[in-house]
Structure formats: C-alpha cells, structure tokens
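# Quick one: sequence plus predicted model below, questions after.
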Amino acid sequence: MPDKFPRLPPSGIKVIVVGAGFAGLAAAIECDRKGHSVTLFEKVDDIDEITRIGDIISFDPNGSKAFERWPGVVDSMEAIARQTDWLDLYHHEGLFVTRQSFAPEKAWGRRINGHRGQLHSIIYRHAVECGIDIRLGSRVEDYFETDYPPQAGVVVNGQRVSADVVIAAEGVRSRGRKIVLGSEENPKSSGYAVYRAWFPADRIRNNPVIQHLVTHGDTHMGFIGPDIHFLASSIKDATEVNWVFTHIDDGNIEESWQFPGKPSEALKYLEGWCPVVHELVKATPDGRLIDHKLVYRDPLPTFISPKARITLIGDSAHPFLPTSIQGASQSIEDGVVLATCLELSGKDDIPTALRAYEKLRYARVHRAQATGPKTRERWHKADWSKVWKNPEMIHLEREPWLLNFDAEKDAYDRYALVVEELAGVKPRL
C-alpha cells in the first residue's frame, strides 16, 4: 500500500525547527517531504493557544501551491475559506467607489482566505499525521553552532539538542536573530496599530444597517478614510463575520498579539465614518476584539548565521504589514525553498544550502515586503479628487511576478546557477 504522504528517500539531514506557526510548520512539512528528519519545538503546552486566536489570514496563489502538494490540506482549507473573488471598496462616509475582481487570478492558483486559527489547525493536524516529531511545551532559550563536529543546535528547557541545521521560525522576537545578527535587536513600531474582530453572524442578522453582509452568501468590502482603512467580510456561507482596521498607533496598548480591545475605544477612531462601520464595531461581543501594535524590522543584512547552520524564516527574517497580503504566503515559500536547497546540497554541504536559500529568497521577499507600506499609503493618503475620476487608483496591486510563482520549481530551476554565483563562477551564456 503506497504511503499516504509521499516523501523522498531519507537524506540523513537532521533538522530542528523552532516555532509551530505557519512558517515553522511549512518548513517542517516540506523538510519531511524531502526526506529530512525533523524535530519541531514549540513553547506552548496546548496548540489551541495558537489555533483559537486571530482573525482573517490570506494565502495567495504563490503560497497555496504548497498546500496542493500536502494531501488533503487545500481541500480542507477551501471548505472553510471565504467564497468571494472580489473586493468592494467604499469611501469612509459610505459611498461605493469600485469593485476589484480577483477572478483572473484563478489561472495562477487558489486564493485561501479564512480564520487564522482554523487554517493553522488544518496544517498542524497534517504535520501530526505525517508523523513529524512535534514537542510542545519546549521553550528554546538559546541557539548555538559548532565547527567540530559541524553542527547547530538549541538549548531547550535547559538541555542542548543538536542537528545539522536549525530553522528559527518564532516570529519578530525570535531568539535566533541574536546569533544571526551578532547582537540583540528589538522590533520597531510601524507607527500603526490594528483592531481585529471575529464573531458569529447571528450578531448582525437582524440589524437592518448591516444584515446585507450575511443575507446572500460571503461578502468582502473595504472602507477607506484619512489614515485608516477598515476591511470587513462574512465567511463560511455567511455564518461568521470579521472586521479589521488599521489606525495610527497612539501608544495606548502594549506590544501583544492578544491585547483585549473594547468596541467603545475602537469607535473613537471612527468618528464621521458611515453607519455600516459603526454598527459592525458595536455588534462585536465581549472577548472577540483584539488590539495590537504593528511592528516591523528594517531589512536584515543576512538571514543566516556566521557558520551557515542556522537560518531565519518567516516573520523572524522579514515581518510584513497586513496591507501586503503576502506575509503568510512568503513564510510558506521560505519553508519550501529551504527544504529544497537542503535536498539539493545533501548532508555534507549544509552551509551551501543555507546560502543558496538566502540568495533565492532575499531580493524577492524584500520586494514583496515593500508592497505593504505602498498600499497603506495609497489608501490612507488617497486624493479623492483623483480617485473619483479613476477609482482603480485604490485597487490592490496584484502582479504576476509575485502571485504567479512556484517557489519549489524556482528553487529546482535556479539552485545550480545560484551555487555557481556564490562560488564566484561566471554565469553561463
């Protein structure tokens, strides 16, 4: 009977992954597919601490290509994803401006938009079913790498654990950044913060101002005003509702992903906005609103450690603003490319694999990262005298170089050339 989860023959490469977020799980699953032996350490004791929080998260076609290679995953995701291929955009006072269609992108792959925790749970369950060694309640306190033997490792709950390569996927505050950069570095405020909410659609079904969001299937809309953009949608056949808005950070909250927000405080930012927005915020039940700062880091000079045995991926390497709509997809691409480079290098040349991974990812990921501030400024500083004449000015940029991309194929196609470039060999004509 064939293996339910096809994988390449054992490579002999031992991999440690730190962090069971999207980036860490993608790296673990992809390394397992490529025949590497994986141990994943996650500090939480109960994975529900990760899967129950959050609101909407998006994977564009370039990110979802990996899910199609993981048996059963993409179909499970689509079953709970928002079923829309458009975004309706409004002026903050309520006037309709334009509809942006994403239908042409279907030729590039699938768009998956759903609850962050529920989609994470699908991927986590897949990793468990693959038999990956996942160790919850394992707090990584430090990283190390050695020349003799040539290894890298982590200190977990006071004990040293070694492998051939270590992948730091803990997010913007990853301890792995210290060994890569050579010093401690704190994330910076982006100058903005975000309110996020998710709740049952029954809360608005009888409200005449906003019931249209949940009476004819899933919806997706955005409201744009001075230094704020407010996105709302219904999902899962309009049985659940979510909204999110980005505003200037006035320093009134701590840096926490789960800081509780209050609808009354959120409404203060929305004076003069249309009734739809106000009613959505007021309908939010207690305990269903999160208020958190958006932090970022300047582009790093490198993603890999001095001995090239430890690497950063996902938000540990390149945190994205939500307006890029690419943070999650790029973290998946990271895992795909890294696992492929390890396959192609083999156990005896791990440093080359990590340097090739960085070379393959660096320019692309920073180009994608730059789309976040660009979109935010186009919305928050919109010149409405021009927008009304040309509504497509406020459409999201959906470019083929970014979305119509297969990270695994690209890694296979370009690995040898990149390795030659790293070795100083002149490009072949």
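Looks like it arrived, so ask away.
# What segments of the stretch 201-350 of the chain are helices?
Taking DSSP state H, counting those that start in this stretch to define them, one finds helices in the stretch 201-350 of the chain at 263-268, 275-282, 327-345, 350-369.
# Pull out the buried positions in the longest one.
Okay, so that is helix 350-369. Neighbour counts over helix 350-369 (16 or more other CB atoms under 10 Å) mark 350-362, 364-365, 368-369 as buried. Bear in mind the C-beta positions are built from the backbone N, C-alpha and C, glycine included.
# try the second one
Using 16+ other CB under 10 Å as the burial criterion, the residues of helix 275-282 that qualify are 276-282.
# Can you give the contact residues for it?
92, 94, 197, 204, 207, 209-210, 213, 223, 230, 232, 241, 243, 263, 266-267, 270 (CB atoms under 8 Å, 6 or more residues apart in numbering).
# JSON lines for the buried residues of helix 275-282, including distance to Ser183?
Shown next, in JSON lines, are the buried residues of helix 275-282 (distance: CB to CB, whole Å):
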{"residue": "Val276", "distance to Ser183": "48"}
{"residue": "Val277", "distance to Ser183": "44"}
{"residue": "His278", "distance to Ser183": "46"}
{"residue": "Glu279", "distance to Ser183": "49"}
{"residue": "Leu280", "distance to Ser183": "44"}
{"residue": "Val281", "distance to Ser183": "42"}
{"residue": "Lys282", "distance to Ser183": "46"}
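# which one of those residues sits closest to Glu408?
Leu280 (39.7 Å; CB to CB).
# ok, and the closest non-adjacent residue to the closest one?
Trp243 (5.2 Å; CB to CB, 6 or more residues apart in numbering).
# do the same with Lys4
Nearest non-adjacent residue to Lys4 (CB to CB, 6+ apart): Pro71, at 6.3 Å.
# which residues does the one you found contact?
Contacts of Pro71 (CB under 8 Å, 6+ apart): 4-5, 126.
# Could you save those as JSON lines and add columns showing distance to Gly424?
Shown next, in JSON lines, are the contacts of Pro71 (distance: CB to CB, whole Å):
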{"residue": "Lys4", "distance to Gly424": "44"}
{"residue": "Phe5", "distance to Gly424": "40"}
{"residue": "His126", "distance to Gly424": "41"}
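# among those residues, which ones are buried?
5, 126.
# between the contacts of Pro71, which is closest to Phe144?
His126 (30.6 Å).
# Quick one: end-to-end length of stretch 305-325, please.
Using CA to CA, to the nearest Å, the end-to-end distance of stretch 305-325 comes to 28 Å.
# Okay, buried residues for that stretch please.
Under 16+ other CB under 10 Å, the buried positions of stretch 305-325 are 305, 307-325.
# ok, then the element right after the lowest-mean-pLDDT helix or strand in the chain?
Lowest by mean pLDDT, DSSP states H and E among the helices and strands of the chain is helix 48-51, with a mean of 68. The element immediately downstream of helix 48-51 (helix or strand, assigned by DSSP states H and E) is strand 56-59.
# number of nearby residues for the closest residue to Thr239 other than its chain neighbours?
Closest residue in space to Thr239, ignoring its immediate chain neighbours: Ala201 at 5.2 Å, by CB to CB, 6+ apart. For Ala201, the neighbour count with other CB atoms under 10 Å is 19.
# so Ala201 sits right up against Asp237, yeah?
No. Counting by CB atoms under 8 Å, Ala201 does not reach Asp237; the two are 9.3 Å apart.
# mean confidence for stretch 368-388?
Averaging pLDDT along stretch 368-388 yields 93.
# do stretch 170-190 as well
On average, stretch 170-190 scores 82.
# Any idea how far apart the tips of that stretch sit?
19 Å.
# Tell me the buried residues in that stretch?
Neighbour count says stretch 170-190 has 170-172, 174-177, 179-180, 187, 190 buried, by 16+ other CB under 10 Å.
# CSV please, covering the buried residues of helix 275-282 and showing pLDDT.
Below are the buried residues of helix 275-282 laid out as CSV (pLDDT from 0 to 100):
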residue, pLDDT
Val276, 98
Val277, 98
His278, 98
Glu279, 98
Leu280, 98
Val281, 97
Lys282, 97
